[in-house]
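Participant: give me coordinates for this.
(chains A, B, C and D)
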2 protein chains.
Amino acid sequence: MYERILKNLSRHIHLSPGEQELFTSCLKRRRLRRKQFLLQSGDISRYECFVDEGCLRTYGIDKKGQEHTFMFACEDWWTGDMYSYLTGQPSQFDIEALEDSSLLLLNKQQMDKLYEQIPQLNKFFRILLQNAYISMQRRINENLMLSAEERYNTFLTRYPQLENRIPLKHIASYVGITPESLSRIRNHRK
Amino acid sequence: MYERILKNLSRHIHLSPGEQELFTSCLKRRRLRRKQFLLQSGDISRYECFVDEGCLRTYGIDKKGQEHTFMFACEDWWTGDMYSYLTGQPSQFDIEALEDSSLLLLNKQQMDKLYEQIPQLNKFFRILLQNAYISMQRRINENLMLSAEERYNTFLTRYPQLENRIPLKHIASYVGITPESLSRIRNHRK
DNA sequence: CGTCTATTTGAATGTACTCAAAAGCGGTGG
DNA sequence: CCACCGCTTTTGAGTACATTCAAATAGACG
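Facilitator: Modelled structure (predicted):
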């Protein structure tokens, strides 16, 4: 039931069986079918979301109506709009399931209680925020420094499971090019 | 001496005179002349750096030798390579003074002591990390969604003091275009 | 099997790039 | 104070890469 998330925690902190029990008792499971939304633009993101099964996509829409993928999250990733979660401001993002998915949610109030009961969780979520920060820093640099083809390669490295699991057009919108261009890049390298 | 940094703290937390005293006693002042480096690629960033006067630029160099500006920091901003500071890994960035500058530095060990003596500082630096996170999130979206001209506009909004204070070429490398293109964009709008 | 969506391909267009040269600006030393 | 030098910014011409639009093909799902 909770093996995956407990294993995920154990990467950075060690919890006693009692703490594990307490932690998992605060989790809420949410199942999404393909194309259902975890979050819609304008909502406030009230959860930290762990992906137990499936795959989600976080994206924004520009003024011309184009979608731009900010991140993907599949098994073992955490997702949600950290900005909205932290500030309580409405989100500018949509988060959509690309496959039938199963998530474990932690809401913010419970979270704050848990921090007091299991101080190590502070460390865990601080590391999570740090990692999120670091990967965004890296991504900004990639966008500044790399060509479209190189950015696609970094996508492949970052999400090795996803290349043939999700539609090309979403990958294109993550890389920052049109589906046509990505199709050409892919065929170019054969 | 320390008015600016204390005022900066007071945006998010309130310290007693004794705490202010303790805090400022841990600061180290560092002066840089124009073109001197605060950090060079390969170094480990061991400080949180508050800019008291002047202006700095954080940039990376790609494999073709091109510079790409990751951020600017002028009076009242914090700078340093958060990634390197948090992880202890060598930085990939250079941080250079664009003008003669005066900084206030907090090193990590002292920081950890201070966190225990003034717990509110945890809040302050958590907010700092959050804000850094948020502004990067916004920047990734801008890079995905906006044209070169629009990205230049957001630069103007984010750094209103800098338009005529720093060389155009650095702004171009922040926006992600060549100096020639930025020159054309500027003249285009007259 | 048919419909809908995703992907590929082609042709024309556009935006930003490179390279090269000219103009502008600021600081230094005579 | 002026002349010169180096660096920055502007301008021009040709080029490259990704885009748009349109159409054909392939795949997925009911």
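Participant: return the residues of chain A in contact with chain B.
Facilitator: A:60, A:62, A:66, A:68, A:70, A:82-83, A:86-87, A:92, A:126, A:129-130, A:132-134, A:136-137, A:139-141, A:143-146, A:173, A:176 (Cβ under 8 Å from any Cβ of the partner chain). C-betas here are computed from N, CA, C, even on glycine.
Participant: just the buried members of these?
Facilitator: A:60, A:68, A:70, A:82-83, A:86-87, A:92, A:129-130, A:132-134, A:136-137, A:139-141, A:143-146, A:173, A:176 (16 or more other Cβ atoms under 10 Å in any protein chain shown).
Participant: so which of those also contact DNA strand D?
Facilitator: When contact is defined as Cβ under 7 Å from any atom of the strand, these meet DNA strand D at residue A:176.
Participant: so which of the buried ones among the residues of chain A next to chain B belong to strands?
Facilitator: In strands, judged by DSSP state E, the following of those are found: A:60, A:68, A:70.
Participant: closest one to residue A:54 out of the residues you listed, please.
Facilitator: Of all these, residue A:54 sits closest to residue A:70, with 17.9 Å by Cβ to Cβ.
Participant: so who does that closest one touch?
Facilitator: Counting by Cβ atoms under 8 Å, 6 or more residues apart in numbering or on different chains, residue A:70 touches A:58, A:59, A:60, A:93, A:174, B:137, B:140, B:141, B:144.
Participant: mind doing that once more with 7 Å?
Facilitator: If a contact means Cβ atoms under 7 Å, 6 or more residues apart in numbering or on different chains, then residue A:70 has A:58, A:59, A:60, A:93, B:140, B:141 as its contacts.
Participant: wait, the last one sits on residue A:60?
Facilitator: The one in question is residue B:141. Yes: in this structure, residue B:141 is within contact of residue A:60 by Cβ atoms under 7 Å, at 5.6 Å.
Participant: joint contacts of those two?
Facilitator: Common neighbours of residue B:141 and residue A:60 (criterion: Cβ under 7 Å, 6+ apart): A:68, A:70.
Participant: so what's residue A:152 closest to, chain neighbours aside?
Facilitator: Excluding the flanking residues, the one nearest residue A:152 by Cβ to Cβ, 6 or more residues apart in numbering or on different chains is residue A:175, at 5.2 Å.
Participant: neighbours around that neighbour, how many?
Facilitator: 24 (other Cβ atoms under 10 Å in any protein chain shown).
Participant: surely residue A:169 touches residue A:180?
Facilitator: No: if you go by Cβ under 7 Å, residue A:169 and residue A:180 don't touch, sitting 9.7 Å apart.
Participant: the more surrounded of these two?
Facilitator: Taking neighbours as other Cβ under 10 Å, residue A:169 and residue A:180 compare with residue A:169 leading, 15 against 11.
Participant: excluding chain neighbours, what is closest to that one?
Facilitator: Nearest to residue A:169 is residue A:179, by Cβ to Cβ, 6+ apart, at 4.3 Å.
Participant: let me see the contact set for that neighbour.
Facilitator: Contact partners of residue A:179, counting by Cβ under 7 Å, 6+ apart, are A:168, A:169, A:172.
Participant: so who does the last one touch?
Facilitator: Put plainly, it is residue A:172. Residue A:172 neighbours (Cβ under 7 Å, 6+ apart): A:178, A:179, A:181, A:182.
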